[in-house]
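1. sequence plus the predicted model coming up.
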Amino acid sequence: MDECPEIEPAIMNGSKTTIVPLRLIPPSECGMRSQFGDLLEIDYVAKKLGPPVRVYDASIWRGTGSQPFKFVLGSGVLVSGVDMGLYDMCPGEVRLLKIPPRLAIGLLDPPEKAPLEWSIELVSIDGVVKWGNNDGTTLRQEQY
């Protein structure tokens, strides 16, 4: 069982999602950025930070096999902190989102209100995938 890490006060008591870029796409290779109302495809792993720390959701558990999870950005399907963290992303980018409890609300809420951590790869926007050179790695292949 994972030990509960020290949770930063800004995450526990904050009112906005903290975004940590894990893979950025250079602006010259980014043909479009995500906007509210776009149909997104994402791969993700969602953790409740404690205690105990545990994965409570992942795109590979959703019964779609190897297909990414599809939804409309801003529709309220995912917790509001995730919607905020996915705004203005390029396909192929990966972000770690640290979400305070007050933004952990939506149709697919975690079982208990707690700070969340989501590792997310934006696979496509309205069916358009990354431009330029792609190293071929995905969130499923990287260690998070």
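-> Sure thing, it's come through.

2. any idea which helix is longest in the protein?
-> helix 80-86 (DSSP state H).

3. next, the residues that contact that one from outside, please.
-> 16-17, 19, 34, 36, 40, 42, 73-74, 76, 95, 97, 99-100, 103-106, 116, 118, 120, 122 (CB atoms under 8 Å, 6 or more residues apart in numbering). C-beta coordinates here come from the backbone N, C-alpha and C atoms, glycine included.

4. what distance do you get for the most centrally placed residue in the chain to residue 96?
-> For the chain, the residue nearest the mean C-alpha position is residue 120 (3.4 Å; CA atoms, centre = their mean). Distance, residue 120 to residue 96, by CB to CB, to the nearest Å: 8 Å.

5. now residue 102
-> The gap separating residue 102 from residue 96 is 19 Å, by CB to CB.

6. report pLDDT for the closest residue to residue 16 other than its chain neighbours.
-> Distance criterion CB to CB, 6 or more residues apart in numbering; nearest residue to residue 16, sequence neighbours excluded, is residue 84 at 6.9 Å. We have a pLDDT of 92 for residue 84.

7. burial count for residue 84?
-> 16 (other CB atoms under 10 Å).

8. okay then, goodbye and thanks.
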